[in-house]
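Q: Here you go, sequence then predicted model.
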Amino acid sequence: MATEKIRYQEWMVMPQPLSSSIVYLIRHGQTTGDIENRFGGAYDDYLTDLGKEQSRQVARDLNNSPLSMVYSSSLNRALETADIIADCLDVPRGVLPEFRECNRYGILSGMTKHEALQHHPQEVAKLKDPVGTVTGAESYRDFRQRVTAAFERLFTEGAQGEIALVTHGGVFRLLLRDILGLGEASVGDCARIKLWVGQKGIRVIEQHGINMK
């Protein structure tokens, strides 16, 4: 896929980083929940065979990048994707649980969408309300606070040289919309963005698999 540019944007409230660095933000590959049409979020599913191949392709694409570490969220689909990339590139890996997906679906997590509509129609209806929260779900406010704080720590403390972070679609969209102010986006399986992080802010250098709306 051809490299596309996203316009420059600074995150002016970000504390100054220790030094400039490159961060590859990567979404996990296709999951079993995707093909089974389940509500995801906190549902801890696994990669499909296609998802594993998508992860190997990311590793091939990053083969010439001098990565020093591959981090991931604590959910299986991100862990598996990170393991494949780290194994292929022979770099160490680490886990950053605060970058897990938003538990948007609460008691619906893991159910097929047909099952959820049959057994919890009122809860499914809450998903149409931007400020509604399904029973047992994480509010968007709490999710935003968690992820924003995690990015601040990563960008100011944990990003040395070039690193990769495997995370989730909700985390991608929060970064692009709420932190960088770039608007809404659709994020494909194993989509990625390359970020330059320095004293002037954050610059999106390139992206693959993301469509800005």
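A: The structure has been received and is ready for your questions. Numbering: from 1, shown residues only.

Q: Quick one: residues in contact with the longest strand seen in the chain.
A: For the chain, the strand that runs over the most residues, judged by DSSP state E, is strand 185-198. If you take C-beta atoms under 8 Å, 6 or more residues apart in numbering as the criterion, strand 185-198 is touched by 6, 17, 20-30, 34, 50-51, 54-55, 57-58, 81, 155, 159, 169, 172-173, 176-177, 202-213. Heads up, the C-betas are built off the backbone N, CA and C, glycines and all.

Q: Thr156: neighbouring residues, count only.
A: 14 (other C-beta atoms under 10 Å).

Q: Tell me the spacing between it and Leu25.
A: 16 Å (C-beta to C-beta, to the nearest Å).

Q: now swap in Gly41 and tell me
A: 19 Å.

Q: got the angle between the lowest-mean-pLDDT helix or strand in the chain and strand 185-198?
A: The helix or strand of the chain with the poorest confidence is strand 201-212; it has a mean of 91 (mean pLDDT, DSSP states H and E). Orientation check (axes from the mean of the first three to the mean of the last three C-alpha atoms, to 10 degrees): strand 201-212 against strand 185-198 gives 160 degrees.

Q: In strand 201-212, which residues are buried?
A: 201-204, 207-210 (16 or more other C-beta atoms under 10 Å).

Q: Now tabulate those residues in TSV and tack on distance to Gly181.
A: Listed next are the buried residues of strand 201-212 as TSV, based on distance: C-beta to C-beta, whole Å:
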residue	distance to Gly181
Gly201	11
Ile202	11
Arg203	13
Val204	11
Gln207	16
His208	21
Gly209	21
Ile210	15
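
Q: In contact with the closest residue to Thr167 other than its chain neighbours, which residues?
A: Leaving aside its chain neighbours, Thr167 sits nearest to Phe99 (4.5 Å; criterion: C-beta to C-beta, 6 or more residues apart in numbering). Counting by C-beta under 8 Å, 6+ apart, Phe99 touches 71-73, 78, 147, 150, 165, 167-168, 171.

Q: do you know how far Phe99 is from Ala116?
A: Phe99 is 26 Å from Ala116, by C-beta to C-beta.

Q: was I right about Ser74 contacting Arg100?
A: Yes: contact status for Ser74 versus Arg100: in contact at 5.5 Å, counting by C-beta atoms under 8 Å.

Q: So for the two, which residue has more residues nearby?
A: Arg100 (25 against 13).

Q: Can you tell me, leaving aside adjacent residues, what's nearest to the more buried one?
A: Nearest to Arg100 is Ser73, by C-beta to C-beta, 6+ apart, at 4.2 Å.
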